[in-house]
Every structure is written in C-alpha cells, then in structure tokens.
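Colleague: below: sequence and its predicted model.
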Amino acid sequence: MNLFTFYRNSIKTLSVAGCDSPEFDVQQLFDFCLKINKTQLLLRANESIDNLDTSFFNECLEKRKNRIPLQYIIGEWGFYKYNFKVGEGVLIPRPETELIPEYIYSKFQKEPPKVVYDICTGTGCIGITIAKLFPACKVYCVDISETAIDYATKNKENLCADNVTILKKDMLDPTSPIGLPFADIIISNPPYIKSDEISTLQQEVKYEPSLALDGGEDGLMFYRALKENWFPFLNSNGLMILECGENQAKDILEMFLETAKGAKFIKDGQDIDRIVVLKK
C-alpha cells in the first residue's frame, strides 16, 4: 500500500466513526506521528508504507476513532500565537476564546493593564497569553482543579511567563479574591452549559471535565459568583470580560444592570454574542 492510499483509508476510518473533520484530523496525526506534513504527503504519495513504522499512528488513529479529542491525543494545541499543553482533565482551548486577548490587545496597547485576573483559568491559555502580550502586567490565574493548576503551571513555565501567578481557589467562595491587588481586568471563561444538557453534548466534549462545563441548572451559576465575589475587586473603570454560551449574553447583561456602568457584546464567527464586556 502506498502512503496516499493509507492516508485516504485513515480518513475513511474516521469518517465512518462519525468524526466531524476526518481529513483535518488525519493530517494532524500524520504530522504528529509520522512527521509528514501535507506538502510532504504530496511529494511522497507513491511511497510504500512498508518503509514506515505506522504503529504509533495506528494507536492514535484508534483513539480518535473512539472519539477521544484530537487535542488530547496530540497533547498540545495552539491558542492565539502560542502552543499550550492540554490533556484529559482540562478544557480544550477554543478559537472563539481568542476573541478575549484580541480585544484586550486592541484596546490596551497604549496603556497596558497592571493587574489581570483569569478566573477558571484551565490551561491558563487566556491569562498566559495576556501576560505574554503585556510583560509588565501581573496576571493571576485562578482555578479549583488540581489538574488545571498543573497544566497552567506547565504552560507558564514552557512559555516563560514569569509575570503569572497560579492560584488554587474556589471562585464560588466569596473570600477567594481577598488578599489580591485590585484588578484592571477580570477575565473568565467559566462553565456555562446547563446541567441537564451535558448528556446531549458531542461525544468528544464528554471527554472534557464536567467541572469545566457544568454551569448549574440555568448555566449561569458562575456568572452570579463573578458578579457577587469578583466584580467588586475591579478598579474603577476596570473591565470584566466574560465568554458565554449561545443566548446567554442578554441574561448576563441583565444580571449586571445595576452593577456595571457600561457593556458591550462581541460576536464570534457564527454571529453569536460570545463575549460580554462589562465596565465598572
């Protein structure tokens, strides 16, 4: 069998298994396992696979066939301009979340923030990206999960983000912000899926930790905690920048109507109000 036939057969395997993007997945696994990128595949299309050790690739393909997320198999994923370690027990960085550092960078280039909190930090992808964009800024990345703390710490070290402090705290605890300097920006991509909708999620998403997905009965439990426990720790004119699920932005705005003095929505690529920006 030549390399191109092996490639096409692998795509068919994932397609039959119900994977959404089988060709992309196989391309990524070819690069990761066999060190063969798309250009090299075209150049080596007629090469026999007898010359290759495909055992690791086949092992990874089987995992993907069983709907284990591609990001967990590869062990890292790109976010904004950086690569972050990721694995089972921590939320996978999403492209729509990049809207947060993009917005902050566009707004604060001339006057960088001095203190930023990243609440429910997960891999640390948002907070560490902000720390890299603004090296003089102090960034506090907060999570309750020991696994998330471990991944955020690894990513801080790998990306040499010395201006990041990783803290294990329960964001639902009203005392959690006590002892921290007041923030210019508070960021959060909290769990926002309704509890009774978890079982209906795409199979890959079910591999991700429920702790990072389950937003309570109405999906808004963590936003209420952000309002009550964390918003008071913003400096005057500071911003709270929140990612949310579809059809949640207006509910969050209503929640902050008597607390915030300004707000805006940022839409994602699907025209969904994905980011809520609230001004103190």
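Modeller: Looks like it arrived, so ask away. Note that this is a predicted model, so its numbers are computed, not measured.

Colleague: buried stuff in stretch 168-178?
Modeller: Judged by neighbour count (16 or more other CB atoms under 10 Å), stretch 168-178 contains these buried residues: Lys169, Met171, Ser176, Pro177. No exception for glycine: its C-beta is placed from N, CA and C like everyone else's.

Colleague: how is the third one assigned, secondary-structure-wise?
Modeller: To tie it back to what came earlier, the one meant is Ser176. Reducing the assignment to helix, strand or coil with DSSP: H, G, I helix; E, B strand; the rest coil, the entry for Ser176 is coil.

Colleague: looks like it contacts Asn229 (just checking).
Modeller: Yes: the pair Ser176 / Asn229 is scored as a contact, 6.3 Å apart, by CB atoms under 8 Å.

Colleague: hmm, who's touching stretch 164-176?
Modeller: The contact list for stretch 164-176, computed with CB atoms under 8 Å, 6 or more residues apart in numbering, reads 119-121, 124, 127-128, 131, 138-144, 146, 149, 152-153, 156, 188, 190, 221-222, 225-226, 228-230.

Colleague: go again using 6 Å as the cut-off
Modeller: Outside stretch 164-176, the residues within contact range by CB atoms under 6 Å, 6 or more residues apart in numbering are 119, 128, 131, 139-142, 144, 149, 152-153, 156, 225, 229.

Colleague: go on, stretch 229-248?
Modeller: For stretch 229-248, the external contacting residues (CB under 6 Å, 6+ apart) are 97, 100, 174, 177, 182-189, 192, 252, 272, 275-280.

Colleague: list the buried ones in that stretch?
Modeller: For stretch 229-248, the neighbour count (16+ other CB under 10 Å) marks 229-231, 233-234, 238-245, 248 as buried.

Colleague: give me the most central residue, this structure.
Modeller: In the chain, the residue lying closest to the centroid (CA atoms, centre = their mean) is Pro93, at 2.3 Å.

Colleague: so Leu239 sits in a strand?
Modeller: Yes: the assignment for Leu239 (three-state DSSP) places it in a strand.

Colleague: helix or strand for Ser15, which one?
Modeller: Taking DSSP states H and E as the definition, Ser15 sits inside helix 3-17.

Colleague: again, but for Thr259
Modeller: No secondary structure element spans Thr259, as it lies outside all helices and strands (assigned by DSSP H and E).

Colleague: how close does it get to Glu59?
Modeller: Taking CB to CB, to the nearest Å as the criterion, Thr259 is separated from Glu59 by 51 Å.

Colleague: same question for Phe108.
Modeller: Plainly put, Phe108 is 45 Å away from Glu59 if you go by CB to CB.

Colleague: what do you get for Lys206?
Modeller: Lys206 sits 21 Å away from Glu59 when distances are taken as CB to CB.

Colleague: now the strands for the stretch 101-250 of the chain?
Modeller: In the stretch 101-250 of the chain, the segments counted as strands under DSSP state E, counting those that start in this stretch are 115-119, 138-143, 164-168, 183-188, 234-243.

Colleague: and Asp50, what pLDDT?
Modeller: Asp50 carries a pLDDT score of 89 in this model.

Colleague: begin at 19 from here
Modeller: Renumbered: residue one is now 19, and that last one reads Asp68.

Colleague: if I look at it, how far off is Gly107?
Modeller: In this structure, Asp68 and Gly107 are 38 Å apart, going by CB to CB.

Colleague: the more surrounded of the two?
Modeller: The residue with more neighbours, out of Asp68 and Gly107 and counting by other CB atoms under 10 Å, is Gly107; that gives 18 against 8.

Colleague: not counting its own residues, what contacts the lowest-mean-pLDDT helix or strand in the chain?
Modeller: Averaged element by element with mean pLDDT, DSSP states H and E, the chain has its least confident helix or strand at helix 56-61 (a mean of 93). Contacts of helix 56-61 with the rest of the structure, by CB under 6 Å, 6+ apart, involve Gln45.
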